[in-house]
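Participant: Sequence and predicted structure are below.
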Amino acid sequence: MGISIERTGGGWNEARAGRSVVYDLAETALNAADTAERLRAVTMLGRCNDPRAVRPLMDLLEDKEPSIRLCATVGLGLLRSGRPVDDLIGRLRDRSEQAEIRHQAVISLAAIRSTGAIHGLREFAADTSEDAALRATVEATLHDIIS
């Protein structure tokens, strides 16, 4: 059984609870006023091994808070669903995005390993107008995936 989460004592804790809590985590991640509480919820969504967590994490890739975007990027890699590939490629290609988030998008796409993810990484690596260091990281990642 995957990790399930329940809310106890005002915080989120891992436990063997029912999976319906994914919706509560999504609500908190998307709407709570406290960034620390949102980060905990986003982290738990990424760890919950529940496909219902993919959509909220995809939505959080557009969050105004960089730490939330980073955590959502990590979570999508952990869930390994093919659904967010285009969104993760969008994070990777967004030149205004923080370098750490762009790098994490590479890691998450490599974890997903779908045809679309690999194709997106290859296109990025071939784009000579992109950052040379990030292209080198993508090329090394592709080499690791294919080898």
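Facilitator: Looks like it came in fine.
Participant: Show me which positions of stretch 128-145 end up buried.
Facilitator: 130, 134-135, 137-138, 141-142 (16 or more other C-beta atoms under 10 Å). C-beta: built from backbone N, CA, C; applies to glycine.
Participant: next one: stretch 112-122
Facilitator: Per 16+ other C-beta under 10 Å, stretch 112-122 contains these buried residues: 112, 116-118, 120-121.
Participant: what residues does that stretch touch?
Facilitator: Stretch 112-122 is contacted by residues 76-77, 80-82, 84-86, 88-89, 92, 106, 109-110, 138, 141-142, 145 when judged by C-beta atoms under 8 Å, 6 or more residues apart in numbering.
Participant: helix or strand for the spatially closest residue to G46 that is not a sequence neighbour, which one?
Facilitator: Spatial nearest neighbour of G46, excluding adjacent residues (C-beta to C-beta, 6 or more residues apart in numbering): G75 at 2.2 Å. Element membership for G75, per DSSP states H and E: helix 66-79.
Participant: C-terminal to that helix, what's the next element?
Facilitator: Next along from helix 66-79, by DSSP H and E: helix 85-93.
Participant: what packs against that following helix?
Facilitator: With contacts defined as 3 or more C-beta pairs under 8 Å, 6 or more residues apart in numbering; DSSP states H and E, the packing partners of helix 85-93 are helix 66-79, helix 99-112, helix 115-126.
Participant: Just the buried residues of the contacts of stretch 112-122.
Facilitator: 76-77, 81, 84-85, 88-89, 92, 106, 109-110, 138, 141-142.
Participant: Which one of these is nearest to A36?
Facilitator: L76 (20.8 Å; C-beta to C-beta).
Participant: which residues of the protein score low on pLDDT?
Facilitator: By pLDDT under 70, the low-scoring segments of the chain are 1-19.
Participant: Domain ranges for it, per the record?
Facilitator: 1-64, 82-147 (automatic domain parsing).
Participant: Tell me which of these sits nearest to L70.
Facilitator: domain 82-147 (5.1 Å).
Participant: ok, back up a step: could the helices and strands packed on helix 85-93 go into JSON lines alongside distance to A53?
Facilitator: Shown next, in JSON lines, are the helices and strands packed on helix 85-93 (distance: least, C-beta to C-beta, whole Å):
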{"stretch": "helix 66-79", "distance to A53": "6"}
{"stretch": "helix 99-112", "distance to A53": "14"}
{"stretch": "helix 115-126", "distance to A53": "18"}
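Participant: Noted, bye for now.
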